[in-house]
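Engineer: here is a sequence together with a model predicted from it:
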Amino acid sequence: MKLLAALGLEILYNTQQYTYNEYKKATLSYLLSEIGGSLGLYLGASIITLVELLTFSVTWLWYKFAPVPTSKIQPHRQRYATKVI
């Protein structure tokens, strides 16, 4: 504990002047391209989702209400051989 109390930090500056540099982080073209990219992603995803939901609904309705086709082929009846003893 005595060692920590004895330690200190001294920061020295050459001058007391500060220089601030400001830079544009986003230009107008950058902002528009970011908005356009996001809109394209979200609209594309939503359209694909709607098409998938429509396809699923139509398929489900088809299997739910379409008549089940009956096969004209009759299953072959097996004839059992009688065992002769």
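Structural biologist: Great, that's in hand. Numbering: from 1, shown residues only.
Engineer: what's the helix or strand for the residue nearest the centre of the chain?
Structural biologist: Nearest residue to the geometric centre of the chain (C-alpha atoms, centre = their mean): Ala45, 8.8 Å. In the assignment (DSSP states H and E), Ala45 maps to helix 28-65.
Engineer: now the residue lying closest to Ala26 once chain neighbours are set aside: how far from Tyr63?
Structural biologist: Once flanking residues are discounted, Ala26 sits nearest to Glu34: 7.8 Å by C-beta to C-beta, 6 or more residues apart in numbering. For the C-beta atoms, the positions are set from N, CA and C on the backbone; glycine is no exception. Separation of Glu34 from Tyr63 (C-beta to C-beta, to the nearest Å) stands at 44 Å.
Engineer: what is the neighbour count of Asn14?
Structural biologist: 5 (other C-beta atoms under 10 Å).
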